[in-house]
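> Sequence and predicted model, in that order:
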Amino acid sequence: MPALRVVRPPRRSMILLAALALSIPGTARAQAAPIPDTARVRIVSIPGSLPAPRNATVVLPTGYHHSGRRYPVLYLLHGHDGGHLSWMQRTNLLAYTARMPLIIVLPNAGNSWYTNSAARPEERFEEYVAREVPAYVDAQFRTLTFREARYVAGLSMGGYGALKLGLKYPGRFSLAGSFSGAPLATANTSAPTVMDAFGPAESSSRAENDLLALAGEARVPAGTYFYIDCGSADELLDSNRAFVQAMSARPLAYEYHEVPGAHGWEYWDRRLPVFLRLVEEHIARLPDAGRDGAG
């Protein structure tokens, strides 16, 4: 397992989970930019364990259409009240990834908390994002399908989702990243979307999706890595610190960044390139044959 790379916060008392009054912030809004009509961007409709297919944005590498190679994939998850266009409209994602040999997929999971809904059993969003979206992408695009070439990250609600997928499906994702995540979401018993996703307090769904418990129990293969960052003015700062404390008690490879910033798009756009540099490091370690498109 690689050595830990941790940027630790200054010491501060952690909130107790039992006393947690977790806020569920909506995704901070910024003026939406138009989606450019280029050969790099595809809007696709992906079916699965839901009442109807959902759109997703697929960002292809520069030169994809003139190459026969296969590429690693980053699944980039939106936040609460967001959708499959959010990262495209509110960050410089296209510019940041123009030279990266990487396919990026932005699914649409509504306000599901990337969880198989307790209130609506027909809405199995965890199954959809963890298995069915990658299966569709692997079938439709030239992807590298082994775990070392599959990554997931997200902001706010999507940060919770990405960390959960990394802990529950380590055989599918080798890198999981969270920006301003809500790792203690299952402790909330008042937000309507959280109640829909996880059910009442003490439900089995809450226990199964509790990130603190998963961090304490998950068995992940060597090479699995977690990235967590949060702004020092973010209302979810203490919950991120609590999650990192749980991670530090286990032999899990991770890094944690606590830097100036709040819960909004200025912060997420600023931090996205930091995570993408980590993705580049993982891509550089892929087998040469895989990077050249064999298989």
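All right, it came through fine.
> Least confident secondary structure element in this protein?
Lowest mean confidence among the helices and strands of the chain (mean pLDDT, DSSP states H and E): helix 288-291, at a mean of 50.
> give the contact list for Ser117.
Under the criterion of Cβ atoms under 8 Å, 6 or more residues apart in numbering, the contact list for Ser117 reads 123-125, 196-197. For the C-beta atoms, the positions are set from N, CA and C on the backbone; glycine is no exception.
> Could you check how many residues crowd around the closest residue to Val73 other than its chain neighbours?
Computed as Cβ to Cβ, 6 or more residues apart in numbering, the closest residue to Val73 that is not its neighbour in sequence is Ile103, at 4.7 Å. When neighbours are defined as other Cβ atoms under 10 Å, Ile103 has 24 of them.
> got it, and Ala222?
The local packing of Ala222 (other Cβ under 10 Å) involves 9 other residues.
> how much space is there between it and Pro170?
Using Cβ to Cβ, to the nearest Å, one obtains 10 Å as the distance from Ala222 to Pro170.
> do Asp138 as well
Asp138 is 18 Å from Pro170, where distance means Cβ to Cβ.
> Tell me which stretches of the stretch 151-295 of the chain form strands.
When secondary structure is read from DSSP state E, counting those that start in this stretch, the stretch 151-295 of the chain shows strands at 175-179, 225-231, 253-259.
> packing partners for the shortest one?
So the one you mean is strand 175-179. Judged by 3 or more Cβ pairs under 8 Å, 6 or more residues apart in numbering; DSSP states H and E, the packing partners of strand 175-179 are strand 150-155, helix 157-168, strand 225-231, helix 265-284.
> CA atoms of it as PDB?
Extracted in PDB, the C-alpha atoms of strand 175-179 (Å, rounded to 0.1, in the frame of the first residue of the first chain):
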ATOM      1  CA  LEU A 175      -9.400   6.200  -6.600                       C
ATOM      2  CA  ALA A 176     -12.200   8.100  -4.900                       C
ATOM      3  CA  GLY A 177     -12.300  11.900  -4.300                       C
ATOM      4  CA  SER A 178     -14.500  14.200  -2.300                       C
ATOM      5  CA  PHE A 179     -14.800  18.000  -2.500                       C
END
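> Check which residues of it are buried.
Within strand 175-179, the residues that qualify as buried are 175-179, counting by 16 or more other Cβ atoms under 10 Å.
> okay if I get these as a markdown table plus pLDDT and distance to Thr189?
A markdown table is the format used below for those (pLDDT from 0 to 100; distance: Cβ to Cβ, whole Å):
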| residue | pLDDT | distance to Thr189 |
| --- | --- | --- |
| Leu175 | 98 | 32 |
| Ala176 | 98 | 26 |
| Gly177 | 98 | 28 |
| Ser178 | 98 | 22 |
| Phe179 | 98 | 25 |
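> Which members of those define the maximum pairwise distance?
Maximum pairwise distance among the buried residues of strand 175-179 (Cβ to Cβ): 13.7 Å, between Leu175 and Phe179.
> what is in contact with these two at once?
Taking Cβ under 8 Å, 6+ apart as the criterion, Leu175 and Phe179 both touch Ala153.
> ok so, going back, just the pLDDT for the residue nearest to Val73.
According to the prediction, Ile103 has pLDDT 98.
> Please apply the same query to Ala222.
88.
> same thing with the one 10 residues further on?
For Ser232, the pLDDT comes out at 98.
> How much space separates the residue located most distally from the centre of the chain from Val58?
Relative to the centre of the chain, and counting by Cα atoms, centre = their mean, the farthest-placed residue is His66 at 29.4 Å. For His66, the distance to Val58 under the criterion Cβ to Cβ works out to 17 Å.
> So which residues of the stretch 1-150 of the chain form helices?
For the stretch 1-150 of the chain, the helices defined by DSSP state H, counting those that start in this stretch cover 86-90, 93-96, 125-127, 133-140.
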